[in-house]
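Q: Give the three-dimensional model of this entry:
(one chain, ligands or ions: 1)
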Amino acid sequence: MANDVIIALDFPTREKTLAFLDRFPAGEKPFVKIGMELYYAEGPSIVREIKARGHKIFLDLKLHDIPNTVKRAMAVLSGLDVDMVNLHAAGASAMMRAALEGLTRPDGTRPLLIAVTQLTSTDAAALKDELLIETPMAETVLSYAKNAAASGLDGVVCSPLEAALVKERCGENFCTVTPGVRFAGGDAGDQKRVMTPEQAGKSGCDYIVMGRPITKDADPVAAYRRAVKEFLGKAA
Ligand code: C5P
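A: Residues are numbered from 1 along each chain as shown. Have a look, this model is predicted:
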């Protein structure tokens, strides 16, 4: 599984996003994540523009709808030549299998397909009292991960603290994409369960997603290189 640091481009406009990317030297092209804010603001053109600059892209739109709708939407996203997309495992196996079909290009290639299990913002009380799920959170997350693996998906988004367990249950090749990564002594912000890049690397995380510790740093290029060095144990 290819290990990498993915920078979350949580910016509201094309201008701010490109100004951030322009800080990197021409030959340095980090893997980036485009989420709902930027995609809904700028549409598919921002994906094409960043791809044309040579970046790998994780398009984080978390699809969740009936199988046919997700299949057709995934075919559109796959046509944008992104490298990784995601959906909610709560859409269940039929939706996940349809998503895979839609994603697969005529030449047989496709972006990696990753499942969101339970959102990290959902706590035990909401799980039980609002979603009416009596099974404890950890078991729910692992069960969703197993459904995703059985449906042929490539991995899940999970907290760095869950990565090792996901690997144990779903297999070493099932990939883990983990936000909630912070430098030692850094500001955790609204992330509750955090690990450093080095700890994440040792805990079975295949990809770490870092936003603010890189984008808000006075020297984002240095912060990105530090993250890569700590995560992979070598220079960016
Ligand atoms: O700034 P920060 O490093 O917290 O950014 C983490 C990124 O990962 C954000 O884009 C956030 O939306 C995303 N994410 C997350 N937790 C999840 C799923 C996605 O923080 N469970």
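
Q: distance of the residue positioned nearest the centre of the chain from G43?
A: The chain has V177 as the residue nearest its centroid, 5.3 Å off, counting by Cα atoms, centre = their mean. Distance, V177 to G43, using Cβ to Cβ, to the nearest Å: 24 Å. The way it works is simple: take the backbone N, C-alpha and C, and place the C-beta from them, glycine included.

Q: Show me what the longest strand along the chain is packed up against.
A: Looking across the chain with DSSP state E, the single longest strand is strand 57-63. Applying 3 or more Cβ pairs under 8 Å, 6 or more residues apart in numbering; DSSP states H and E, one finds that strand 57-63 makes contact with strand 31-35, helix 36-42, helix 44-52, helix 67-79, strand 84-88.

Q: what's the most buried one of these?
A: Among the helices and strands packed on strand 57-63, strand 84-88 has the highest mean neighbour count (mean count of other Cβ atoms under 10 Å), at a mean of 23.

Q: Just the angle for that strand relative to strand 57-63, thanks.
A: For strand 84-88 against strand 57-63, the angle by axes from the mean of the first three to the mean of the last three Cα atoms, to 10 degrees is 20 degrees.

Q: Just the CA trace of strand 84-88, in PDB.
A: Output of strand 84-88 as PDB, limited to C-alpha atoms (Å, rounded to 0.1, in the frame of the first residue of the first chain):
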ATOM      1  CA  MET A  84      -9.200   8.500  -4.500                       C
ATOM      2  CA  VAL A  85     -12.900   9.000  -3.700                       C
ATOM      3  CA  ASN A  86     -15.200   8.100  -0.900                       C
ATOM      4  CA  LEU A  87     -18.700   7.200   0.200                       C
ATOM      5  CA  HIS A  88     -20.600   6.400   3.400                       C
END
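
Q: distance of C175 from A148?
A: From C175 to A148 the distance is 11 Å (Cβ to Cβ).

Q: what do the two both touch?
A: The contact sets of C175 and A148 overlap at 155-156 (Cβ atoms under 8 Å, 6 or more residues apart in numbering).

Q: helix or strand for P213, which one?
A: In the assignment (DSSP states H and E), P213 maps to helix 212-215.

Q: That helix - contacts with which helices or strands?
A: strand 4-8, helix 220-232.

Q: Quick one: closest of these to the ligand.
A: strand 4-8 (3.6 Å; Cβ to the nearest ligand atom).

Q: in its sheet, what does the closest one sit against?
A: Applying DSSP bridges to the sheet, strand 4-8 is found paired with strand 31-35 (parallel), strand 207-210 (parallel).

Q: can you put the ones you listed in a markdown table and add mean pLDDT?
A: As requested, these are exported to a markdown table (pLDDT from 0 to 100):
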| stretch | mean pLDDT |
| --- | --- |
| strand 31-35 | 98 |
| strand 207-210 | 97 |
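
Q: Could you single out the most deeply buried of the helices and strands packed on helix 212-215?
A: On a mean-neighbour basis (criterion: mean count of other Cβ under 10 Å), the most buried of the helices and strands packed on helix 212-215 is strand 4-8, at a mean of 22.
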